[in-house]
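S.K.: Sequence and predicted structure are below.
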Amino acid sequence: MQTGGMQDFGSARAGHRPALGPVEGLLLLVAVIWGGSYSAAKIATGEVPVVQFLVLRFGLTFLLLLPALRGLAGAAWPAALAGASLLGINLLAIFVCETFGVSLTTASNAAFLISLCVAFTPLCEWWLLGERPSRAVLAAAGLSLLGAGLLAFQHGGRSGLAWGDGLMVMAAFLRGVMVCLTRRHGQRHGLPALTVTAVQMGVMALGSGLLMLAVHGPVWPPLPRSLPFWGAMAFLVLLCTLFAFFVQNHAASRTSPSRVALLMGSEPLWGALIAVLWMGERMAVQGWVGGLLIVVSAWWVTRRPAGGG
């Protein structure tokens with residue numbers, strides 16, 4: 001396996017379709033689960049403030065993962081802990097942008113816009129891992145941005161466009177950074193994937209708690225008692241966070257960053273379909289065209305050899 005994703009593309013001969021193994025299959029399952037996370041987060045943040053939602057989500061996950069911190073044992077644990085904490089800080093930034101974003105836009109828009117990470121990831125590889133993208137990658141990135149513009153302006157650009165959709169684009173960029181940092185960290189320290197996830201959740205719970213203290217003060221608002229809220233929280237904690245981030249951390253050190261991004265590329269389609277069928281959201285034809293442009297560009301760049309620009 002090559003160090004960078006673009007080398008993986010370059011090593012594949014034109015017309016040869018790379019096989020999907022168990023790691024890739026798990027990533028596809030995560031894509032389906034994460035597709036439902038936007039609707040679940042929309043339900044939960046409708047009943048509690050965003051930062052309180054983040055404290056609950058990541059605090060509960062951290063408690064479940066406390067036994068995994070035993071993986072830090074070893075002579076190099078301080079450097080490993082620092083690296084995993086950096087990943088947690090980056091992940092907290094992603095979820096602050098993403099959760100505020102989904103609360104200010106539709107779940108279907110959020111699902112499509114977050115998939116811009118597929119276009120951003122090869123550019124982040126160039127920046128962080130030294131893997132220069134081909135002309136095909138750059139063209140696909142431009143196509144993705146066009147799709148994002150069509151999607152964001154599908155209803156004429158009124159009512160909260162700048163904040164909700166803009167925050168989702170920022171989250172997508174930070175996701176691309178996250179995939180590359182996770183790969184680099186895994187190569188340097190070799191921590192178990194579950195331990196990395198546990199440290200990330202601890203950092204995110206602490207950071208969310210500090211944000212809540214800064215925004216709302218020392219008062220903890222009462223928790224809802226509704227079944228939809230706690231059903232959404234259980235889905236987000238157990239599947240979207242605990243299971244999904246373990247799989248992502250496990251996969252990121254075993255396959256290329258761009259391939260991870262590719263296999264997550266079906267997430268927006270699942271997210272939009274779930275939002276339309278479950279939440280009753282409506283998308284204009286222009287929105288569907290924009291969303292499909294993002295997904296097609298992701299498929300195109302990962303199917304072309306690097307030298308075929």
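M.R.: Nice, I can see it.
S.K.: Need the pLDDT of the closest residue to Met178 other than its chain neighbours.
M.R.: In space, Met178 comes closest to Asn90 once its chain neighbours are excluded; the distance is 5.3 Å by CB to CB, 6 or more residues apart in numbering. For the C-beta atoms, the positions are set from N, CA and C on the backbone; glycine is no exception. On pLDDT, Asn90 comes in at 90.
S.K.: wait, what's in contact with the most centrally placed residue in the chain?
M.R.: Nearest residue to the geometric centre of the chain (CA atoms, centre = their mean): Arg175, 5.3 Å. Residues counted as contacts of Arg175 (CB atoms under 8 Å, 6 or more residues apart in numbering) are Ile94, Ile114, Cys117, Phe120, Thr121.
S.K.: so is the first one in a helix, a strand, or just coil?
M.R.: It stands for Ile94. helix (DSSP: H, G, I helix; E, B strand; the rest coil).
S.K.: neighbours around it, how many?
M.R.: 21 (other CB atoms under 10 Å).
S.K.: Now the nearest residue to it once chain neighbours are set aside: which helix or strand?
M.R.: Leaving out its chain neighbours, the residue that sits closest to Ile94 by CB to CB, 6+ apart is Leu174, at 4.5 Å. Assigned by DSSP states H and E, Leu174 belongs to helix 161-189.
S.K.: in that helix, what counts as buried?
M.R.: Buried residues in helix 161-189, counted by 16 or more other CB atoms under 10 Å: 161, 164-186, 189.
S.K.: just stretch 281-293 next, same as before
M.R.: Neighbour counts over stretch 281-293 (16+ other CB under 10 Å) mark Glu281, Met283, Gly287, Trp288, Gly290, Gly291, Leu292, Leu293 as buried.
S.K.: Quick check: the third one vs Leu206, distance?
M.R.: It stands for Gly287. From Gly287 over to Leu206 the distance is 37 Å, taken as CB to CB, to the nearest Å.
S.K.: got the residue ranges for the helices in this structure?
M.R.: Secondary structure of the chain by DSSP state H: the helices cover 5-11, 22-45, 50-65, 77-104, 107-114, 117-124, 135-152, 161-189, 193-216, 227-234, 244-252, 257-263, 267-278, 285-303.
S.K.: Out of those helices, which is closest to Gly71?
M.R.: Of all the helices of the chain, helix 193-216 sits nearest to Gly71, with 3.1 Å by CB to CB.
S.K.: Can you give the distance of the closest one from its chain's centre?
M.R.: 16 Å (CA atoms, centre = their mean, to the nearest Å).
S.K.: what's the answer for stretch 142-156, then?
M.R.: Distance, centroid of stretch 142-156 to centroid of chain: 19 Å (CA atoms, centre = their mean).
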